[in-house]
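1. Got a predicted structure here, sequence first:
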Amino acid sequence: MKRSLAPILCAVTLLGAGCAGPRPPLPTVETVDLDRYAGRWYEIARLPNRFQAKCLWDTRATYNREGERITVLNECRTEDGSLDSAHGIARVVEGSGNGKLRVSFFRPFYGDYWILALDPDYRWVLVGEPTRRYAWILARTPRLDSDIRETLFDRAATLGFDRSAFRATPHTQQ
């Protein structure tokens, strides 16, 4: 019996390049006002990832501008209820209209942080990266209207993210 090599080749393809062929480029918003973007954002939902595995609830990020530099503070509650935090920096990708950032918590290593959808009033945002393995829905408040959440899940799916893989982030604050 002849076996196809396609499943084996697909299994060894690195970084989710997949067997469905190349994905279209991931579009970002045209422009972001970083002063308006600064401040606290609450994680509403995310695609599960290893670096946030211990974060069970109350996950939030705070961005501050310090001249050309952007500081990042990520915080979350862990299983025992303690607050875990990580400090990082972000830099704008030149020519991106501030829609693409590179963020580092472990310099010299940086990861992509692309703003894929942004409320005109900066109340919510969809963030992801080109491999589509990581994505977050953030809001200025710990709760986001279900219609807006669904719209953002739909937008993520349209961009090639796995809509069904998103997990809601519970918050103890109102």
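-> That came through fine.
2. and stretch 127-141, which residues are buried?
-> Val127, Gly128, Glu129, Arg132, Tyr134, Ala135, Trp136, Ile137, Leu138, Ala139 (16 or more other CB atoms under 10 Å). For the C-beta atoms, the positions are set from N, CA and C on the backbone; glycine is no exception.
3. So which residues of the protein form strands?
-> Using DSSP state E, the strands found in the chain span residues 39-46, 57-66, 69-77, 83-92, 100-106, 109-118, 124-128, 135-139, 167-168.
4. Take these and lay them out in CSV including distance to Gly160 and mean pLDDT.
-> What follows is those, written out as CSV (distance: least, CB to CB, whole Å; pLDDT from 0 to 100):
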stretch, distance to Gly160, mean pLDDT
strand 39-46, 16, 98
strand 57-66, 23, 96
strand 69-77, 25, 96
strand 83-92, 24, 96
strand 100-106, 17, 95
strand 109-118, 11, 97
strand 124-128, 9, 98
strand 135-139, 10, 98
strand 167-168, 18, 97
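5. Quick one: these as JSON lines, columns for distance to Glu30 too.
-> Listed next are the strands of the chain as JSON lines, based on distance: least, CB to CB, whole Å:
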{"stretch": "strand 39-46", "distance to Glu30": "20"}
{"stretch": "strand 57-66", "distance to Glu30": "19"}
{"stretch": "strand 69-77", "distance to Glu30": "19"}
{"stretch": "strand 83-92", "distance to Glu30": "14"}
{"stretch": "strand 100-106", "distance to Glu30": "11"}
{"stretch": "strand 109-118", "distance to Glu30": "10"}
{"stretch": "strand 124-128", "distance to Glu30": "14"}
{"stretch": "strand 135-139", "distance to Glu30": "19"}
{"stretch": "strand 167-168", "distance to Glu30": "29"}
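6. What is the burial count for the residue found closest to Ala157 once you drop the neighbours it is linked to in the chain?
-> Spatial nearest neighbour of Ala157, chain neighbours left out: Arg163 (3.9 Å); criterion: CB to CB, 6 or more residues apart in numbering. Neighbour count of Arg163, defined by other CB atoms under 10 Å: 15.
7. Need the pLDDT of Arg163.
-> You'll see Arg163 listed with a pLDDT of 96.
8. returning to what we had before: quickly check the buried residues of stretch 127-141 for the two that are furthest apart.
-> Maximum pairwise distance in the buried residues of stretch 127-141, criterion CB to CB, is 21.2 Å, between Arg132 and Ala139.
9. what's the distance between Ser152 and Pro48?
-> Quick fix: residue 152 is Leu, not Ser. The gap separating Leu152 from Pro48 is 17 Å, by CB to CB, to the nearest Å.
10. Comparing these two, which residue is more hemmed in?
-> Using other CB under 10 Å, the more surrounded residue of Leu152 and Pro48 is Leu152, with 25 against 11.
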